[in-house]
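Got a predicted structure plus its sequence, pasted below:
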Amino acid sequence: MIRVPIQKEKTGNAILLIPVAALAGMVGLALFWMGGADRRNADQIVSKIEGYRLHEGHLPNPEDQQLMKALGFKPAAGWIPDYEPLDSSSYRITLLGGLDGPFWIYESKPRAWRYGYP
């Protein structure tokens, strides 16, 4: 009879791996949820911009601080989320989640969000 040596499993690494993986999952979920909240807020701003455009016949002026706050933007070095009129009838909203992107970008002509760079 041939005896094959059985190696004992190292459980120390597995015990450490489980809490680390759980923590990474919770952090990822929290970041995903916060990003979702930013998108929901930005969707509300898009609806308000579209309502303003229908009522007034033009896009909101980003220099009008009172109007921008009423639409749901937060003042910063510019506005949060970033608002950029592209021409007299189209605009872009960018959720700046970091310094070097990629970013969530809403463009009014296709009326769609995309993940990428402006």
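Done, it's in. Residues are numbered from 1 along each chain as shown.

which residues of the chain fall in helices?
Ranges of helices in the chain, per DSSP state H, are 11-56, 65-71.

Compare the mean pLDDT across the ones you listed and name the weakest.
Mean pLDDT is lowest for helix 11-56 among the helices of the chain, at a mean of 71.

Could you check the pLDDT of the closest residue to residue 78 other than its chain neighbours?
For residue 78, ignoring the flanking residues on the chain, the nearest one in space by Cβ to Cβ, 6 or more residues apart in numbering is residue 62 at 7.8 Å. Glycine gets a C-beta too; all of them are placed from N, C-alpha and C. Listed pLDDT for residue 62 reads 95.

Residue 62 and residue 76: what is the separation?
12 Å (Cβ to Cβ, to the nearest Å).

quick one, which of those two is more surrounded?
residue 62 (16 against 10; other Cβ atoms under 10 Å).

Tell me which residues touch that one, please.
By Cβ atoms under 8 Å, 6 or more residues apart in numbering, the contact set of residue 62 is 68, 78-79, 83-85.

10 Å instead, please
68, 73, 78-79, 82-85, 91 (Cβ atoms under 10 Å, 6 or more residues apart in numbering).

what's the answer for residue 113, then?
Counted by Cβ under 10 Å, 6+ apart, residue 113 has contacts 39, 42-43, 46, 93, 95, 104-107.

which among these gets closest to residue 115?
residue 104 (5.8 Å; Cβ to Cβ).

how many other residues sit next to the residue lying closest to residue 67 once chain neighbours are set aside?
Nearest non-adjacent residue to residue 67, counting by Cβ to Cβ, 6+ apart: residue 60, 5.4 Å away. Using other Cβ under 10 Å, residue 60 has 20 other residues around it.

And for residue 66?
7.
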